[in-house]
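Asker: this one's sequence-less:
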């Protein structure tokens, strides 16, 4: 696995996701209806960023204690909120155009 495309620089999980989507969907055809949806095994801020800079859409479940996950920001934002309130965040990859 270590010699597979992307694995050396991005890791095996991100590499697997990128190879999967590259072999099934062209970047210009990718959208929220034709993107990659993944559970916590696939999902990370790093994976979402890698997809975005290559023009792909993805929806991932990201664990709360993952690297780059804004846990402190979310807890602070919801500190005074009543029970049942949630927060949704959207971000851009470091190299993504606005």
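Answerer: Looks like it arrived, so ask away. These numbers were taken from a predicted model, which means no experiment stands behind them.
Asker: pLDDT below threshold where in the protein?
Answerer: Applying pLDDT under 70 to the chain picks out residues 27, 30-34, 64-67, 91-98.
Asker: longest helix of it?
Answerer: Using DSSP state H, we find that the single longest helix of the chain is helix 12-22.
Asker: So which bits of that helix are buried?
Answerer: Buried residues in helix 12-22, counted by 16 or more other C-beta atoms under 10 Å: 13-18, 21. To be clear about C-beta, it is placed using only N, CA and C from the backbone, and glycine gets the same treatment.
Asker: Could you dump those residues into TSV and include distance to residue 73?
Answerer: Below are these laid out as TSV (distance: C-beta to C-beta, whole Å):
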residue	distance to residue 73
13	24
14	23
15	28
16	29
17	25
18	27
21	28
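Asker: Okay, and residue 72 sits in which element?
Answerer: Element membership for residue 72 (DSSP states H and E) is helix 71-77.
Asker: how distant is that helix from the center of its chain?
Answerer: Between the centre of helix 71-77 and the centre of its chain there are 19 Å (C-alpha atoms, centre = their mean, to the nearest Å).
Asker: same check, this time on stretch 10-18
Answerer: Worked out by C-alpha atoms, centre = their mean, stretch 10-18 lies 11 Å from the chain centre.
Asker: hey, where'd the strands end up in the chain?
Answerer: In the chain, the strands defined using DSSP state E lie at 36-38, 58-60.
Asker: Relative to residue 60, how far out is residue 45?
Answerer: Here residue 45 is placed at a distance of 9 Å from residue 60 (C-beta to C-beta, to the nearest Å).
Asker: Name the residue in these two with the higher neighbour count.
Answerer: Between residue 45 and residue 60, counted using other C-beta atoms under 10 Å, residue 60 has the larger neighbour count: 20 against 16.
Asker: Does the more buried one touch residue 38 like I think?
Answerer: Yes - using C-beta atoms under 8 Å, residue 60 is in contact with residue 38, at 5.0 Å.
Asker: which residues are in contact with both of these two?
Answerer: Shared contacts of residue 60 and residue 38, defined by C-beta atoms under 8 Å, 6 or more residues apart in numbering, are found at residue 47.
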